[in-house]
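[1] With the input below, show me the fold.
(chains A and B)
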Amino acid sequence: MSADQNLTKDQSNPAVDGKELIRFDKVTKRFGSNVVLDELDFSVNSGKHVTLIGPSGSGKTTILRLLMTLLKPEEGTIRVGGKYLTHEERNGKLVKAGEKHIREVRKNIGMVFQQFNLFPNMSALRNITEAPVSVLGLPKDEAEERARELLDMVGLGDKTDAYPTQLSGGQQQRVAIARALAMRPQVLLLDEVTSALDPELVAGVLDVLRDIAHTTDITMLCVTHEMGFARDISDQVLMFDSGRVIESGTAEKMFNEPEHERTREFLSAVL
Amino acid sequence: MNWDWQVVDDFMPKFWDGVLVTLQALGWGTLIAFSLGLVWAIALRSDQKWITWPVAAVTEFIRNTPLLVQLFFLFYVVPEWGPTMSPLTTGIIGLGLHYSTYTAEVYRAGIEGVPVGQWEAATALSLSKRRTWTAVILPQAIRRVIPALGNYVVAMLKDSPMISAIGALDMLGEGRAFSDTTFTTEALTVVGVAFIVIAYPASLLLRALERRLVR
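    Next comes the predicted model:
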(Lines give C-alpha, C1' and ligand atoms only; values in the text may rest on other atoms or scores of the structure.)
Protein backbone atom coordinates (compact mmCIF):
# COMPACT_ATOMS: atom_id res chain seq x y z
CA MET A 1 0.00 0.00 0.00
CA SER A 2 1.58 3.24 -1.05
CA ALA A 3 0.13 6.68 -0.93
CA ASP A 4 -0.83 8.36 -4.14
CA GLN A 5 2.17 10.20 -5.50
CA ASN A 6 0.07 13.08 -6.76
CA LEU A 7 -0.70 14.01 -3.24
CA THR A 8 2.86 15.03 -2.62
CA LYS A 9 3.85 16.17 -6.06
CA ASP A 10 1.25 18.34 -7.66
CA GLN A 11 -0.40 20.02 -4.77
CA SER A 12 -1.88 23.13 -6.30
CA ASN A 13 -1.46 24.72 -2.92
CA PRO A 14 1.58 26.69 -1.82
CA ALA A 15 4.61 24.50 -1.35
CA VAL A 16 5.14 23.05 2.05
CA ASP A 17 7.73 25.22 3.63
CA GLY A 18 7.27 24.49 7.29
CA LYS A 19 5.75 27.91 7.77
CA GLU A 20 2.76 28.66 9.86
CA LEU A 21 -0.37 27.28 8.22
CA ILE A 22 -3.04 27.52 10.88
CA ARG A 23 -3.28 30.31 13.41
CA PHE A 24 -5.86 30.84 16.14
CA ASP A 25 -5.80 34.30 17.73
CA LYS A 26 -7.68 34.77 20.96
CA VAL A 27 -10.45 32.46 19.83
CA THR A 28 -13.36 32.18 22.21
CA LYS A 29 -16.18 29.72 21.69
CA ARG A 30 -19.14 29.49 24.00
CA PHE A 31 -22.16 27.27 24.05
CA GLY A 32 -24.60 29.30 26.07
CA SER A 33 -22.81 30.17 29.27
CA ASN A 34 -20.37 27.30 28.85
CA VAL A 35 -17.01 28.62 27.66
CA VAL A 36 -15.43 25.85 25.59
CA LEU A 37 -12.48 27.78 24.27
CA ASP A 38 -11.17 30.72 26.20
CA GLU A 39 -9.08 33.19 24.17
CA LEU A 40 -7.17 30.32 22.62
CA ASP A 41 -3.95 31.09 20.78
CA PHE A 42 -2.20 28.39 18.89
CA SER A 43 -0.61 27.68 15.57
CA VAL A 44 0.37 24.75 13.43
CA ASN A 45 3.14 24.77 10.87
CA SER A 46 2.52 23.25 7.48
CA GLY A 47 3.35 19.61 7.03
CA LYS A 48 3.17 18.93 10.74
CA HIS A 49 1.11 16.21 12.33
CA VAL A 50 -0.42 17.54 15.46
CA THR A 51 -2.43 15.54 17.95
CA LEU A 52 -4.77 17.15 20.40
CA ILE A 53 -5.22 15.26 23.62
CA GLY A 54 -7.08 15.99 26.80
CA PRO A 55 -10.18 15.06 28.74
CA SER A 56 -13.52 15.16 26.95
CA GLY A 57 -15.10 18.58 27.01
CA SER A 58 -11.70 20.24 26.90
CA GLY A 59 -12.37 21.75 23.48
CA LYS A 60 -10.35 19.51 21.17
CA THR A 61 -13.17 18.62 18.80
CA THR A 62 -14.40 22.23 18.90
CA ILE A 63 -11.11 23.32 17.37
CA LEU A 64 -11.54 20.95 14.44
CA ARG A 65 -15.14 22.00 13.99
CA LEU A 66 -14.16 25.68 14.01
CA LEU A 67 -11.55 24.99 11.34
CA MET A 68 -14.12 23.14 9.25
CA THR A 69 -16.50 26.11 9.70
CA LEU A 70 -19.10 23.84 11.23
CA LEU A 71 -18.98 26.25 14.17
CA LYS A 72 -18.29 29.95 14.32
CA PRO A 73 -16.19 31.52 17.07
CA GLU A 74 -17.74 34.21 19.24
CA GLU A 75 -14.48 36.12 19.35
CA GLY A 76 -11.06 36.00 17.84
CA THR A 77 -9.78 35.11 14.40
CA ILE A 78 -8.67 31.98 12.63
CA ARG A 79 -6.31 32.04 9.70
CA VAL A 80 -5.42 29.25 7.30
CA GLY A 81 -2.52 29.76 4.95
CA GLY A 82 -2.46 33.42 5.91
CA LYS A 83 -6.10 33.92 4.91
CA TYR A 84 -8.78 34.63 7.43
CA LEU A 85 -11.29 31.82 7.69
CA THR A 86 -13.77 33.66 9.83
CA HIS A 87 -13.36 37.13 8.46
CA GLU A 88 -12.48 38.87 5.27
CA GLU A 89 -10.83 42.17 4.62
CA ARG A 90 -12.97 44.77 2.95
CA ASN A 91 -11.64 48.31 2.48
CA GLY A 92 -8.90 47.56 4.94
CA LYS A 93 -11.35 46.49 7.62
CA LEU A 94 -11.98 43.05 9.02
CA VAL A 95 -15.60 42.05 8.60
CA LYS A 96 -17.42 38.75 9.09
CA ALA A 97 -16.67 36.49 6.15
CA GLY A 98 -19.29 35.90 3.48
CA GLU A 99 -20.26 32.43 2.29
CA LYS A 100 -18.16 32.70 -0.87
CA HIS A 101 -15.01 33.70 0.97
CA ILE A 102 -15.48 30.93 3.52
CA ARG A 103 -15.87 28.34 0.77
CA GLU A 104 -12.71 29.52 -0.94
CA VAL A 105 -10.55 29.20 2.18
CA ARG A 106 -12.30 26.03 3.33
CA LYS A 107 -11.37 24.16 0.15
CA ASN A 108 -7.92 23.73 1.66
CA ILE A 109 -9.29 21.76 4.56
CA GLY A 110 -10.63 18.22 4.65
CA MET A 111 -12.23 16.37 7.52
CA VAL A 112 -12.88 12.79 8.54
CA PHE A 113 -15.65 12.32 11.07
CA GLN A 114 -16.19 9.96 13.95
CA GLN A 115 -19.43 8.73 12.34
CA PHE A 116 -17.95 8.54 8.78
CA ASN A 117 -20.88 10.53 7.31
CA LEU A 118 -20.61 8.94 3.90
CA PHE A 119 -23.48 9.79 1.59
CA PRO A 120 -25.64 6.65 1.73
CA ASN A 121 -27.30 7.43 -1.60
CA MET A 122 -24.00 7.25 -3.48
CA SER A 123 -21.58 4.43 -4.25
CA ALA A 124 -18.12 4.52 -2.72
CA LEU A 125 -16.77 5.92 -5.98
CA ARG A 126 -19.44 8.64 -6.24
CA ASN A 127 -18.83 9.61 -2.63
CA ILE A 128 -15.26 10.35 -3.63
CA THR A 129 -15.87 11.99 -7.01
CA GLU A 130 -18.81 14.18 -6.00
CA ALA A 131 -16.86 17.10 -4.57
CA PRO A 132 -13.93 17.10 -7.03
CA VAL A 133 -16.42 17.19 -9.91
CA SER A 134 -18.98 19.61 -8.54
CA VAL A 135 -16.69 21.87 -6.51
CA LEU A 136 -13.32 21.77 -8.25
CA GLY A 137 -14.76 21.21 -11.70
CA LEU A 138 -12.64 18.16 -12.44
CA PRO A 139 -13.74 16.20 -15.53
CA LYS A 140 -15.69 13.13 -14.50
CA ASP A 141 -13.30 10.48 -15.84
CA GLU A 142 -10.31 12.19 -14.32
CA ALA A 143 -12.07 12.34 -10.96
CA GLU A 144 -13.01 8.68 -11.25
CA GLU A 145 -9.53 7.59 -12.16
CA ARG A 146 -8.21 9.43 -9.14
CA ALA A 147 -10.96 8.03 -6.92
CA ARG A 148 -9.95 4.52 -7.97
CA GLU A 149 -6.34 5.25 -7.07
CA LEU A 150 -7.44 6.53 -3.68
CA LEU A 151 -9.62 3.49 -3.09
CA ASP A 152 -6.64 1.30 -3.97
CA MET A 153 -4.56 3.24 -1.53
CA VAL A 154 -6.99 2.63 1.32
CA GLY A 155 -7.20 -1.04 0.35
CA LEU A 156 -10.70 -0.95 -1.11
CA GLY A 157 -9.98 -1.10 -4.82
CA ASP A 158 -12.65 -3.78 -5.23
CA LYS A 159 -15.39 -1.76 -3.55
CA THR A 160 -15.90 1.06 -6.05
CA ASP A 161 -19.55 0.21 -6.66
CA ALA A 162 -20.46 -0.73 -3.11
CA TYR A 163 -22.87 1.47 -1.20
CA PRO A 164 -22.00 2.57 2.33
CA THR A 165 -24.57 0.22 3.90
CA GLN A 166 -22.78 -2.68 2.23
CA LEU A 167 -19.48 -1.79 3.88
CA SER A 168 -18.21 -2.41 7.39
CA GLY A 169 -17.53 0.55 9.66
CA GLY A 170 -13.81 0.30 9.02
CA GLN A 171 -14.33 0.18 5.27
CA GLN A 172 -16.69 3.14 5.42
CA GLN A 173 -14.14 5.14 7.35
CA ARG A 174 -11.46 4.31 4.80
CA VAL A 175 -13.74 5.51 2.01
CA ALA A 176 -14.32 8.67 4.04
CA ILE A 177 -10.57 9.20 4.27
CA ALA A 178 -10.26 8.76 0.50
CA ARG A 179 -13.14 11.18 0.02
CA ALA A 180 -11.42 13.84 2.10
CA LEU A 181 -8.11 13.35 0.27
CA ALA A 182 -9.76 13.60 -3.14
CA MET A 183 -10.11 17.34 -2.57
CA ARG A 184 -6.34 17.57 -2.11
CA PRO A 185 -6.58 19.54 1.07
CA GLN A 186 -3.56 21.12 2.71
CA VAL A 187 -4.98 20.24 6.08
CA LEU A 188 -6.66 17.02 7.11
CA LEU A 189 -8.75 17.07 10.27
CA LEU A 190 -9.31 13.73 11.99
CA ASP A 191 -12.04 13.80 14.60
CA GLU A 192 -11.87 10.64 16.73
CA VAL A 193 -11.98 8.65 13.53
CA THR A 194 -11.74 5.26 15.20
CA SER A 195 -14.04 5.86 18.17
CA ALA A 196 -17.12 4.45 16.45
CA LEU A 197 -15.36 1.36 15.14
CA ASP A 198 -15.37 -2.18 16.42
CA PRO A 199 -11.98 -2.86 18.02
CA GLU A 200 -10.85 -5.30 15.32
CA LEU A 201 -11.43 -2.70 12.60
CA VAL A 202 -9.40 0.07 14.21
CA ALA A 203 -6.00 -1.17 13.06
CA GLY A 204 -6.88 -1.08 9.36
CA VAL A 205 -7.96 2.53 9.54
CA LEU A 206 -4.94 3.58 11.58
CA ASP A 207 -2.62 1.82 9.11
CA VAL A 208 -4.07 3.89 6.30
CA LEU A 209 -3.60 7.09 8.26
CA ARG A 210 -0.07 6.16 9.25
CA ASP A 211 0.69 5.56 5.61
CA ILE A 212 -0.68 8.98 4.67
CA ALA A 213 1.21 10.64 7.50
CA HIS A 214 4.50 9.09 6.46
CA THR A 215 4.26 9.39 2.69
CA THR A 216 2.59 12.76 2.14
CA ASP A 217 3.26 16.24 3.38
CA ILE A 218 -0.32 16.94 4.30
CA THR A 219 -0.79 18.76 7.56
CA MET A 220 -2.78 16.68 10.01
CA LEU A 221 -4.75 17.77 13.03
CA CYS A 222 -5.91 14.82 14.96
CA VAL A 223 -8.15 14.28 17.96
CA THR A 224 -7.78 10.71 19.13
CA HIS A 225 -7.81 8.42 22.11
CA GLU A 226 -5.43 6.05 20.35
CA MET A 227 -2.28 7.08 22.16
CA GLY A 228 -0.11 4.55 20.38
CA PHE A 229 -1.15 5.99 17.05
CA ALA A 230 -0.66 9.53 18.34
CA ARG A 231 2.85 8.65 19.42
CA ASP A 232 3.59 7.12 16.00
CA ILE A 233 2.53 9.94 13.77
CA SER A 234 2.71 13.13 15.83
CA ASP A 235 5.37 15.77 15.45
CA GLN A 236 3.65 17.70 18.14
CA VAL A 237 1.17 16.88 20.88
CA LEU A 238 -1.00 19.51 22.51
CA MET A 239 -2.55 18.84 25.88
CA PHE A 240 -5.87 20.62 26.39
CA ASP A 241 -7.70 21.31 29.54
CA SER A 242 -10.67 23.62 29.99
CA GLY A 243 -10.29 25.26 26.61
CA ARG A 244 -6.60 26.05 26.93
CA VAL A 245 -3.38 24.43 25.82
CA ILE A 246 -1.69 23.60 29.08
CA GLU A 247 1.30 21.81 27.64
CA SER A 248 2.76 21.04 24.26
CA GLY A 249 5.79 19.32 22.91
CA THR A 250 7.06 16.51 20.75
CA ALA A 251 5.33 13.16 21.10
CA GLU A 252 8.52 11.86 22.68
CA LYS A 253 8.53 14.48 25.38
CA MET A 254 4.80 14.50 26.02
CA PHE A 255 4.45 10.77 26.45
CA ASN A 256 7.72 10.11 28.22
CA GLU A 257 8.30 13.10 30.43
CA PRO A 258 5.29 15.35 30.62
CA GLU A 259 5.92 18.38 32.77
CA HIS A 260 2.47 19.39 33.73
CA GLU A 261 0.72 17.58 36.54
CA ARG A 262 -2.58 17.56 34.62
CA THR A 263 -0.90 15.93 31.59
CA ARG A 264 0.63 13.23 33.77
CA GLU A 265 -2.74 12.50 35.34
CA PHE A 266 -4.45 12.35 32.00
CA LEU A 267 -1.86 10.11 30.37
CA SER A 268 -1.74 7.70 33.26
CA ALA A 269 -5.51 7.42 33.04
CA VAL A 270 -5.59 6.64 29.30
CA LEU A 271 -2.37 4.76 28.67
CA MET B 1 -84.08 -2.13 -5.59
CA ASN B 2 -83.66 -3.05 -9.21
CA TRP B 3 -80.39 -2.85 -11.04
CA ASP B 4 -80.78 -1.76 -14.62
CA TRP B 5 -77.78 -2.32 -16.87
CA GLN B 6 -79.41 -0.13 -19.48
CA VAL B 7 -79.06 2.85 -17.14
CA VAL B 8 -75.40 2.04 -16.63
CA ASP B 9 -74.97 1.89 -20.36
CA ASP B 10 -76.63 5.26 -20.82
CA PHE B 11 -74.38 6.79 -18.20
CA MET B 12 -71.17 5.59 -19.80
CA PRO B 13 -70.41 8.53 -22.13
CA LYS B 14 -70.81 11.01 -19.27
CA PHE B 15 -68.95 8.66 -16.96
CA TRP B 16 -65.88 8.63 -19.19
CA ASP B 17 -65.98 12.42 -19.38
CA GLY B 18 -65.98 12.44 -15.59
CA VAL B 19 -63.16 9.90 -15.31
CA LEU B 20 -61.07 12.07 -17.60
CA VAL B 21 -61.67 15.12 -15.39
CA THR B 22 -60.90 13.14 -12.22
CA LEU B 23 -57.67 11.74 -13.63
CA GLN B 24 -56.57 15.11 -14.96
CA ALA B 25 -57.29 16.75 -11.62
CA LEU B 26 -55.44 14.00 -9.80
CA GLY B 27 -52.45 13.88 -12.15
CA TRP B 28 -51.83 17.60 -12.46
CA GLY B 29 -52.87 18.21 -8.87
CA THR B 30 -50.30 15.67 -7.67
CA LEU B 31 -47.63 17.25 -9.84
CA ILE B 32 -48.35 20.68 -8.36
CA ALA B 33 -48.69 19.40 -4.79
CA PHE B 34 -45.42 17.45 -4.95
CA SER B 35 -43.34 20.17 -6.54
CA LEU B 36 -44.81 23.18 -4.76
CA GLY B 37 -44.67 21.36 -1.43
CA LEU B 38 -40.95 20.83 -1.96
CA VAL B 39 -40.51 24.52 -2.70
CA TRP B 40 -42.32 25.42 0.54
CA ALA B 41 -40.28 22.94 2.56
CA ILE B 42 -36.96 24.25 1.26
CA ALA B 43 -38.09 27.87 1.64
CA LEU B 44 -39.03 27.19 5.25
CA ARG B 45 -35.43 26.06 5.93
CA SER B 46 -34.03 29.35 4.71
CA ASP B 47 -32.16 31.50 7.19
CA GLN B 48 -33.79 34.60 5.70
CA LYS B 49 -36.75 35.70 7.79
CA TRP B 50 -38.32 37.54 4.87
CA ILE B 51 -38.65 34.19 3.08
CA THR B 52 -39.68 31.91 5.91
CA TRP B 53 -42.21 34.22 7.51
CA PRO B 54 -44.55 34.75 4.54
CA VAL B 55 -44.23 31.14 3.42
CA ALA B 56 -45.10 29.88 6.89
CA ALA B 57 -48.07 32.25 7.09
CA VAL B 58 -49.44 31.31 3.67
CA THR B 59 -49.06 27.56 4.07
CA GLU B 60 -50.49 27.63 7.57
CA PHE B 61 -53.46 29.63 6.30
CA ILE B 62 -54.13 27.30 3.38
CA ARG B 63 -53.77 24.18 5.50
CA ASN B 64 -56.24 25.44 8.03
CA THR B 65 -59.03 26.60 5.75
CA PRO B 66 -61.39 24.30 3.83
CA LEU B 67 -60.50 23.28 0.32
CA LEU B 68 -64.03 24.20 -0.78
CA VAL B 69 -63.58 27.80 0.38
CA GLN B 70 -60.27 27.97 -1.48
CA LEU B 71 -61.89 26.66 -4.65
CA PHE B 72 -64.65 29.27 -4.44
CA PHE B 73 -62.07 31.96 -3.77
CA LEU B 74 -59.97 30.93 -6.77
CA PHE B 75 -63.00 30.67 -9.02
CA TYR B 76 -65.09 33.68 -8.02
CA VAL B 77 -62.72 36.15 -6.37
CA VAL B 78 -59.38 35.81 -8.14
CA PRO B 79 -60.80 36.65 -11.62
CA GLU B 80 -61.82 40.04 -10.18
CA TRP B 81 -58.19 41.09 -10.44
CA GLY B 82 -56.49 38.20 -12.08
CA PRO B 83 -56.92 35.88 -15.02
CA THR B 84 -60.11 33.97 -15.60
CA MET B 85 -59.47 30.25 -15.74
CA SER B 86 -61.62 27.29 -16.71
CA PRO B 87 -63.29 25.37 -13.88
CA LEU B 88 -60.96 22.41 -14.37
CA THR B 89 -57.79 24.53 -14.36
CA THR B 90 -59.03 26.33 -11.27
CA GLY B 91 -59.84 23.00 -9.64
CA ILE B 92 -56.39 21.60 -10.42
CA ILE B 93 -54.67 24.67 -9.01
CA GLY B 94 -56.89 24.58 -5.93
CA LEU B 95 -56.26 20.91 -5.24
CA GLY B 96 -52.53 21.20 -5.92
CA LEU B 97 -52.12 24.30 -3.79
CA HIS B 98 -54.12 22.89 -0.92
CA TYR B 99 -52.26 19.61 -0.85
CA SER B 100 -48.88 21.26 -1.35
CA THR B 101 -49.20 22.59 2.19
CA TYR B 102 -49.53 19.04 3.43
CA THR B 103 -46.74 17.60 1.30
CA ALA B 104 -44.57 20.49 2.57
CA GLU B 105 -44.92 19.07 6.06
CA VAL B 106 -44.05 15.62 4.77
CA TYR B 107 -40.93 16.88 3.03
CA ARG B 108 -40.01 18.86 6.14
CA ALA B 109 -40.13 15.71 8.23
CA GLY B 110 -38.04 13.90 5.62
CA ILE B 111 -35.45 16.67 5.49
CA GLU B 112 -35.23 16.83 9.27
CA GLY B 113 -34.76 13.06 9.29
CA VAL B 114 -31.49 13.35 7.37
CA PRO B 115 -28.72 13.14 9.98
CA VAL B 116 -26.92 16.38 10.70
CA GLY B 117 -23.66 14.59 9.81
CA GLN B 118 -24.75 14.63 6.17
CA TRP B 119 -24.92 18.43 6.19
CA GLU B 120 -21.57 18.53 7.93
CA ALA B 121 -19.96 16.22 5.40
CA ALA B 122 -21.34 18.39 2.59
CA THR B 123 -19.86 21.46 4.28
CA ALA B 124 -16.54 19.72 4.82
CA LEU B 125 -16.40 18.98 1.08
CA SER B 126 -17.38 22.57 0.28
CA LEU B 127 -20.38 21.47 -1.77
CA SER B 128 -22.50 24.40 -2.89
CA LYS B 129 -25.89 24.90 -1.29
CA ARG B 130 -27.62 23.75 -4.44
CA ARG B 131 -25.49 20.64 -4.73
CA THR B 132 -25.95 19.84 -1.04
CA TRP B 133 -29.69 19.89 -1.53
CA THR B 134 -29.93 18.11 -4.86
CA ALA B 135 -27.19 15.50 -4.48
CA VAL B 136 -27.15 14.79 -0.76
CA ILE B 137 -30.17 15.90 1.24
CA LEU B 138 -33.17 15.55 -1.06
CA PRO B 139 -32.39 12.07 -2.43
CA GLN B 140 -32.26 10.81 1.14
CA ALA B 141 -35.21 12.84 2.40
CA ILE B 142 -37.56 12.01 -0.48
CA ARG B 143 -36.76 8.33 -0.37
CA ARG B 144 -38.05 8.08 3.17
CA VAL B 145 -41.21 10.10 2.65
CA ILE B 146 -42.53 8.50 -0.52
CA PRO B 147 -45.07 6.36 1.37
CA ALA B 148 -46.38 9.40 3.22
CA LEU B 149 -46.57 11.37 -0.02
CA GLY B 150 -48.47 8.52 -1.60
CA ASN B 151 -51.12 8.70 1.07
CA TYR B 152 -51.83 12.26 0.00
CA VAL B 153 -52.38 11.15 -3.59
CA VAL B 154 -55.16 8.86 -2.37
CA ALA B 155 -56.52 11.63 -0.12
CA MET B 156 -56.49 13.99 -3.07
CA LEU B 157 -58.39 11.49 -5.18
CA LYS B 158 -61.04 11.35 -2.50
CA ASP B 159 -61.24 15.14 -2.30
CA SER B 160 -61.33 15.61 -6.06
CA PRO B 161 -65.17 15.61 -6.29
CA MET B 162 -65.08 19.02 -4.61
CA ILE B 163 -64.07 20.61 -7.88
CA SER B 164 -67.61 19.88 -9.11
CA ALA B 165 -68.68 22.75 -6.86
CA ILE B 166 -67.07 25.20 -9.26
CA GLY B 167 -68.38 23.40 -12.30
CA ALA B 168 -65.60 20.98 -13.20
CA LEU B 169 -67.64 17.80 -13.35
CA ASP B 170 -65.52 14.91 -12.17
CA MET B 171 -66.88 11.37 -12.15
CA LEU B 172 -68.97 11.98 -9.06
CA GLY B 173 -70.23 15.30 -10.44
CA GLU B 174 -71.27 13.57 -13.68
CA GLY B 175 -72.85 10.74 -11.68
CA ARG B 176 -74.90 13.12 -9.57
CA ALA B 177 -76.03 15.14 -12.56
CA PHE B 178 -77.06 11.95 -14.35
CA SER B 179 -78.88 10.50 -11.34
CA ASP B 180 -80.71 13.74 -10.63
CA THR B 181 -82.08 14.01 -14.14
CA THR B 182 -82.95 10.32 -14.62
CA PHE B 183 -84.09 9.55 -11.05
CA THR B 184 -81.80 6.50 -10.95
CA THR B 185 -79.03 5.37 -8.59
CA GLU B 186 -76.91 3.08 -10.77
CA ALA B 187 -74.59 5.89 -11.86
CA LEU B 188 -73.59 6.67 -8.27
CA THR B 189 -72.76 3.02 -7.65
CA VAL B 190 -70.63 2.93 -10.77
CA VAL B 191 -68.77 5.99 -9.56
CA GLY B 192 -68.22 4.48 -6.12
CA VAL B 193 -66.72 1.38 -7.70
CA ALA B 194 -64.60 3.55 -9.98
CA PHE B 195 -63.03 5.27 -6.98
CA ILE B 196 -61.96 1.91 -5.59
CA VAL B 197 -60.71 0.78 -8.98
CA ILE B 198 -58.45 3.83 -9.13
CA ALA B 199 -57.46 4.05 -5.47
CA TYR B 200 -56.71 0.43 -4.69
CA PRO B 201 -54.10 -0.24 -7.38
CA ALA B 202 -52.59 3.12 -6.48
CA SER B 203 -52.20 1.97 -2.88
CA LEU B 204 -50.68 -1.32 -4.02
CA LEU B 205 -48.26 0.53 -6.25
CA LEU B 206 -47.27 2.76 -3.37
CA ARG B 207 -46.69 -0.17 -1.07
CA ALA B 208 -44.51 -1.83 -3.69
CA LEU B 209 -42.56 1.41 -4.06
CA GLU B 210 -42.24 1.65 -0.29
CA ARG B 211 -40.77 -1.84 -0.08
CA ARG B 212 -38.26 -0.99 -2.76
CA LEU B 213 -37.20 2.39 -1.42
CA VAL B 214 -37.31 2.18 2.34
CA ARG B 215 -34.60 -0.17 3.43
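[2] Tell me which helix or strand the spatially most central residue of chain B sits in.
    By C-alpha atoms, centre = their mean, chain B has its centre lying nearest to residue B:30, at 4.1 Å. Element membership for residue B:30, per DSSP states H and E: helix B:5-44.
[3] Residues of chain A that sit close to chain B?
    Proximity of chain A to chain B (C-beta under 8 Å from any C-beta of the partner chain) is limited to residues A:68-70, A:103, A:106-107, A:109-111, A:113, A:115, A:117-122, A:130-131, A:134-135, A:165, A:179-180, A:183. Quick note: C-beta positions are derived from backbone N, CA and C, even for glycine.
[4] What about those, which are in strands?
    A:109-111 (DSSP state E).
[5] So which of these is the closest to chain B?
    residue A:111 (4.2 Å; C-beta to the nearest C-beta).
[6] What's the local residue count around that closest one?
    For residue A:111, the count of nearby residues is 27 (other C-beta atoms under 10 Å in any protein chain shown).
[7] So what sits opposite it in the bridge?
    residue A:189 (DSSP bridges).
[8] shouldn't it be in contact with residue A:192?
    No - counting by C-beta atoms under 8 Å, residue A:111 does not reach residue A:192; the two are 11.6 Å apart.
[9] Please enumerate the strands of chain A.
    Going by DSSP E, chain A shows strands at A:20-31, A:34-45, A:49-53, A:75-80, A:83-84, A:87-90, A:93-96, A:109-112, A:187-191, A:219-223, A:236-241, A:244-249.
[10] Of all those, which one comes closest to residue B:20?
    Relative to residue B:20, the nearest member of the strands of chain A by C-beta to C-beta is strand A:109-112, separated by 55.6 Å.
[11] Centre of the chain to that closest one, how far?
    5 Å (C-alpha atoms, centre = their mean, to the nearest Å).
[12] Next, the buried residues of that strand.
    A:109-112 (16 or more other C-beta atoms under 10 Å in any protein chain shown).
[13] gap between the residue most central in space within chain A and residue B:54?
    Residue closest to the average C-alpha location in chain A (C-alpha atoms, centre = their mean): residue A:189, at 0.5 Å. For residue A:189, the distance to residue B:54 equals 39 Å [C-beta to C-beta, to the nearest Å].
[14] one step back: nearest residue to the residue nearest to the centre of chain B in space, please, no chain neighbours.
    Spatially, and ignoring its direct neighbours in sequence, residue B:30 is nearest to residue B:153 (5.4 Å; C-beta to C-beta, 6 or more residues apart in numbering or on different chains).
[15] Just the element for that neighbour, please.
    If you go by DSSP H and E, residue B:153 is part of helix B:138-159.
[16] So for the helix or strand that that helix is followed by, mean pLDDT?
    The first helix or strand that comes after helix B:138-159 along the chain, using DSSP H and E, is helix B:171-182. Taken as a whole, helix B:171-182 has an average pLDDT of 92.
[17] List the buried residues of helix B:171-182.
    B:171-176, B:178-179.
[18] Name all residues that make contact with residue A:221.
    A:22, A:44, A:50, A:52, A:63-64, A:67, A:187-190 (C-beta atoms under 8 Å, 6 or more residues apart in numbering or on different chains).
[19] could I get those residues as a markdown table with pLDDT?
    A markdown table is the format used below for the contacts of residue A:221 (pLDDT from 0 to 100):
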| residue | pLDDT |
| --- | --- |
| A:22 | 92 |
| A:44 | 91 |
| A:50 | 94 |
| A:52 | 93 |
| A:63 | 92 |
| A:64 | 94 |
| A:67 | 93 |
| A:187 | 94 |
| A:188 | 95 |
| A:189 | 96 |
| A:190 | 95 |
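[20] Closest to chain B out of those?
    residue A:189 (8.1 Å).
[21] who touches the closest one in this structure?
    If you count contacts by C-beta under 8 Å, 6+ apart, residue A:189 has them with A:64, A:67-68, A:109-112, A:220-222.
[22] Briefly note if the very next helix or strand once past the helix holding residue B:30 comes near chain A.
    Once helix B:5-44 ends, the next helix or strand along the chain (criterion: DSSP H and E) is helix B:49-63. No - Helix B:49-63 lies apart from chain A when judged by C-beta under 8 Å from any C-beta; the minimum separation is 15.9 Å.
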